[in-house]
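Undergrad: Next input, structure requested:
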Amino acid sequence: MENDRATMATARKQAVRIRPAHAGDDEFILSLVMRFVDFDLPAWRRRSDCASGIRRDLKRALDEVPASENLFVAEAENGERLGFLRVQRTRDFFSGRANCHISDIAVAPGCEGRGVGRALLGHAQVWAKKNRCALITLAVFPGNARARELYERAGFGEDLLRLAKPVK
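TA: Model prediction:
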């Protein structure tokens, strides 16, 4: 029984190729916006506001292609798009050194558990090393337990904790 589960899990995993995004990927990337809000959000955050803000920011990145940002798409051997990654080169506030910030990372619905997120994080690591970054940073909502577990397994730990309080 245990071997059957391991075989099924291995069969679900497949080779994931990461490539630079191109204009033909815009619709796919924007179709994943709801993945960023598909979990419990803080009480003061409205899902529609968060999704609109993320969509607006991604659309800007796709239209303007800022020099400090790179977009990548994960795809299967058959060309099926599985997820995407957006990284930004930033400066560390404290040290002034270059950092890689993962501003967006999403796996398409139905592609979870296939190693896509892990492959995208691995690509961010390679990109950060190539760009001589000291740290890789990212932000995640506290309610996004699945993503937090992935990031912790990949070696991410808390650095700064951002707190918020609604103004009444």
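Undergrad: residue ranges for the helices of the chain, please.
TA: Assigned helices in the chain, in chain order: 2-12, 26-31, 47-64, 116-130, 145-153 (criterion: DSSP state H).
Undergrad: Could you tell me the model confidence score at Asp92?
TA: Asp92 carries a pLDDT value of 96.
Undergrad: Quick check: it touching Ala134?
TA: Yes: counting by C-beta atoms under 8 Å, Asp92 does reach Ala134; the two are 6.4 Å apart. Any C-beta I mention is one placed from the backbone N, CA and C, and that applies to glycine too.
Undergrad: Report the set of residues contacting both of those two.
TA: Counting by C-beta atoms under 8 Å, 6 or more residues apart in numbering, the common neighbours of Asp92 and Ala134 are 98-99.
Undergrad: mind checking how far Arg118 is from Ile54?
TA: Going from Arg118 to Ile54 by C-beta to C-beta, to the nearest Å gives 22 Å.
Undergrad: do Gly96 as well
TA: Noted for Gly96: a distance of 29 Å to Ile54, by C-beta to C-beta.
Undergrad: Can you tell me which residue is spatially central in this protein?
TA: Ile105 (1.2 Å; C-alpha atoms, centre = their mean).
Undergrad: Which strand residues bridge that residue?
TA: Leu85 (DSSP bridges).
Undergrad: Would you check that it makes contact with Ala74?
TA: No: contact criterion C-beta under 8 Å: Ile105 and Ala74 do not qualify, at 9.6 Å.
Undergrad: which neighbours do these two share?
TA: Joint contacts of Ile105 and Ala74 (C-beta under 8 Å, 6+ apart) are 83-85, 120.
Undergrad: mind putting those in JSON lines, pLDDT included?
TA: Converted to JSON lines, these look like this (pLDDT from 0 to 100):
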{"residue": "Gly83", "pLDDT": "98"}
{"residue": "Phe84", "pLDDT": "98"}
{"residue": "Leu85", "pLDDT": "98"}
{"residue": "Leu120", "pLDDT": "98"}
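Undergrad: tell me which of the residues you listed is nearest to Ala128?
TA: Nearest to Ala128 among those: Leu85, at 11.6 Å, using C-beta to C-beta.
Undergrad: Run a quick neighbour tally on that closest one.
TA: When neighbours are defined as other C-beta atoms under 10 Å, Leu85 has 24 of them.
Undergrad: quick one, what contacts it?
TA: 18, 71-72, 74, 102, 104-105, 120, 123-124.
Undergrad: do that again at 10 Å, thanks
TA: Leu85 is in contact with 18, 21, 70-74, 102-106, 116-117, 119-121, 123-124, 127, counting by C-beta atoms under 10 Å, 6 or more residues apart in numbering.
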